[in-house]
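Participant: Here's my sequence, what's the structure:
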Amino acid sequence: MSDWFLQQEYGVRFEWGPTGARQLAPDVACLVVVDVLSFTTSVTVAVEAGTQVFPYAWRDESASTFARNKTAALAVGRRAVTSASPWSLSPARLRQAPFTPRLVLPSPNGSAIAAAAGDSAVVAGCLRNATAVGRWLARRGYGTVERPLAVIAAGERWPDGSLRPAVEDLLGAGAIIDELTSRGVGPLSPEAVAAQACFTRTLDVADAVAACSSGLELVRSGFADDVLIATELDASAIVPVLTDGAFNHSTDGTGSRPRTGSAG
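Facilitator: Okay, the predicted model is just below:
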């Protein structure tokens with residue numbers, strides 16, 4: 001089979017969605033999952049609180065069984081939150097919910113990408129922890145031709161199930177790639193360069209996310225606080241790393257370099 005799609009000449013690669021992750025995963029040492037609205041943002045919020053997060057690709061009855069087997073609480077849909085089930089994919093709701101030590105977070109995009117990683121390391125990245133993730137990767141030697149990494153923008157789904165590339169994930173991926181570049185990591189594939197340029201040339205990242213299709217969907221549905229949390233640029237030094245099936249806390253120990261206001 002041809003390997004033209006693997007971006008093999010480059011240490012830092014970029015692709016879209018679970019299919020892209022499955023194609024690149026066997027050829028890289030690390031996958032960085034970016035699902036800004038809202039899987040990886042929710043993962044950072046939960047892990048900051050000390051919760052282990054188990055990704056799960058389906059929001060159906062099998063998720064309940066999976067949660068029981070993990071002795072974990074199960075996150076429900078944004079509109080399905082109750083006093084008995086206060087955890088959801090909403091970062092704002094997660095901040096308000098009671099502490100739980102273990103949480104199953106179903107997501108057909110972000111979780112499916114994590115599941116596609118195979119033997120590769122998996123890191124959850126977003127705008128909230130972009131600098132911390134880039135620093136963590138660079139310090140561990142990821143992003144070289146010898147130890148390549150792939151940044152995977154999750155994207156969204158059209159009603160027919162096909163991938164809808166999402167601006168917020170492109171910006172989140174670009175923010176991480178920009179931090180990697182600042183640390184001399186690379187070389188970058190043309191795909192990664194394009195993602196980086198999207199971030200650095202966007203004058204106001206928070207405004208762009210709030211005004212893009214995914215942001216408008218959440219704002220108009222009453223979840224504007226989720227967009228605000230997702231655009232807390234570099235608010236977190238936490239790097240959630242998938243270990244034994246769950247995202248757990250990792251930090252580089254130095255805090256993140258704030259990038260306030262606009263990017264570029």
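
Participant: Can you tell me the SS state at the spatially closest residue to Gly118 that is not a sequence neighbour?
Facilitator: Once flanking residues are discounted, Gly118 sits nearest to Ala25: 5.0 Å by CB to CB, 6 or more residues apart in numbering. C-beta coordinates here come from the backbone N, C-alpha and C atoms, glycine included. Secondary structure state of Ala25, per DSSP: H, G, I helix; E, B strand; the rest coil, is helix.

Participant: In terms of pLDDT, where does Ala25 sit?
Facilitator: pLDDT recorded at Ala25 is 94.

Participant: next one: Ala117
Facilitator: 83.

Participant: re earlier: how many neighbours does the residue nearest to Gly118 have?
Facilitator: By other CB atoms under 10 Å, the residues close to Ala25 number 21.

Participant: Pull up the gap between it and Pro148, please.
Facilitator: Distance from Ala25 to Pro148, counting by CB to CB, to the nearest Å: 11 Å.

Participant: try Thr65
Facilitator: Separation of Thr65 from Pro148 (CB to CB): 36 Å.

Participant: Give the residue from the two that has the larger number of neighbours.
Facilitator: It is Pro148, of Thr65 and Pro148, that has more neighbours when counted by other CB under 10 Å, with 23 against 11.

Participant: mind listing what the nearest residue to that one once chain neighbours are set aside touches?
Facilitator: Distance criterion CB to CB, 6+ apart; nearest residue to Pro148, sequence neighbours excluded, is Val28 at 4.6 Å. In this structure, Val28 makes contact with Arg13, Ser120, Pro148, Leu149, Ala150, judged by CB atoms under 8 Å, 6 or more residues apart in numbering.

Participant: OK, contacts around the second one?
Facilitator: By CB under 8 Å, 6+ apart, the residues touching Ser120 are Ala25, Val28, Ala29, Cys30, Leu31.

Participant: 10 Å instead, please
Facilitator: 21, 24-32, 148-150, 242 (CB atoms under 10 Å, 6 or more residues apart in numbering).

Participant: Isn't the residue nearest to Gly118 up against Val122?
Facilitator: Yes - taking CB atoms under 10 Å as the definition, Ala25 is a contact partner of Val122 at 9.3 Å.

Participant: what is in contact with these two at once?
Facilitator: Common neighbours of Ala25 and Val122 (criterion: CB under 10 Å, 6+ apart): Leu31, Ile113, Ala115, Ala116, Ile152.

Participant: Okay, and the first one sits in which element?
Facilitator: Think Leu31. strand 30-34 (DSSP states H and E).

Participant: and that strand, which strands flank it?
Facilitator: Counting by DSSP bridges, the strands paired with strand 30-34 are strand 121-125 (parallel), strand 149-153 (parallel).

Participant: Pick the most deeply packed of those.
Facilitator: Between the strands paired with strand 30-34, strand 149-153 has the highest mean count of neighbours, a mean of 32, where neighbours are mean count of other CB atoms under 10 Å.

Participant: Can you name the next helix or strand after it?
Facilitator: For strand 149-153, the following helix or strand on the C-terminal side (DSSP H and E) is strand 156-157.

Participant: which helices and strands does the very next helix or strand once past that next one pack with?
Facilitator: Per DSSP H and E, the first helix or strand lying C-terminal to strand 156-157 is strand 163-164. Counting contacts by 3 or more CB pairs under 10 Å, 6 or more residues apart in numbering; DSSP states H and E, strand 163-164 packs against helix 17-24, strand 156-157.

Participant: closest to Ala166 out of these?
Facilitator: Distance to Ala166, taken as CB to CB, is lowest for strand 156-157 among the helices and strands packed on strand 163-164, at 4.9 Å.
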